[in-house]
Structure formats: C-alpha cells, structure tokens
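> Next comes the sequence, and after it the predicted model I'd like to discuss.
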Amino acid sequence: MATQGLASIGIEVTVNSTALNYVTEIGDIGGAPSDLDATCFKDKMKHYVPGVQDAKAFEITYLYDNSAADSDYRVLKTLQDAGDVVPVTVTMPDGSIFATTGYVNTYISGAKVDDLISAKLAVSIQTDWTVTDPAA
C-alpha cells in the first residue's frame, strides 16, 4: 500500500557528486509545457496542444557559510566559476532519485535582523529530469 504523504525530512541534494549540507528549500522538479494555440475558424472554443516544456531554473535555498573549503557556498561558487554543466540529483526520503544536468549559479539572498543568512543556487537546466523509482 502506498504511503499517504511523505515528510521532507531526509531530502538529499547532490551537485557534481557533492552532497549539500544545509539545504532548506528546493524548487519545482520539472515544468509544464507551453500551450500552442491550435484554434481554427470553425471552433467555438480555443484548442491547445502541448509545446516545449519550460522547466525554468531549478532553485535551491541553503544556509550561507564560506568558512571552510568544503562549505556549500564555496563548493558551488567554484562550480559556477568553472562554467561547466554538472549533474544535479535530488533523492527523496522514499528512495526516488530525480536527476538532471545544468549550469550552476549561486548568490547570497540578502540578510535581515535576527535571521540566518541564506544563499540561493540556481541551476540552468540542460537535460530533462530523469526519475529512478525506489527499490521495492
């Protein structure tokens, strides 16, 4: 029997085979296709067919730290500076693995009084997301 709901506890995000330590939020995995208007003169309502999928950038929010060589910010900034397409995987608590590749861009989200400093990772998606189902 399937599980009714799944907590976000235990989601793991890996970028270029390095697991990120302090992720607090992930964006949408996948995207909706654009709507191509297929309406003809005889139609009384509009008709659409699916076009190209628009995945936009995959965004990840994480807690900023640059105090060590293996801190999330420093690792991601190094990947950004290299300018290469890298693999990105998201492993869900049930064992499902979502994988893609993309260019990495990271930046500090800003700061305010009495709050932790956050940073964002934006991955410019270059390949379709693949899904590996969990083992039975």
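Okay, I see it.

> Can you check the pLDDT for the most centrally placed residue in the chain?
Centroid-nearest residue in the chain, with CA atoms, centre = their mean: F58, separated by 3.4 Å. Note for F58: predicted pLDDT of 96.

> where do the helices sit along this structure?
72-82 (DSSP state H).

> Dump stretch 73-80 to CSV, keeping only the CA atoms.
Taking C-alpha atoms only, stretch 73-80 is exported to CSV below (Å, rounded to 0.1, in the frame of the first residue of the first chain):
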residue,chain,number,x,y,z
TYR,A,73,28.8,28.2,-0.8
ARG,A,74,32.5,27.7,-1.7
VAL,A,75,31.9,24.4,-3.4
LEU,A,76,29.0,25.9,-5.5
LYS,A,77,30.9,29.1,-6.3
THR,A,78,33.9,27.0,-7.6
LEU,A,79,31.5,25.1,-9.9
GLN,A,80,30.0,28.4,-11.0
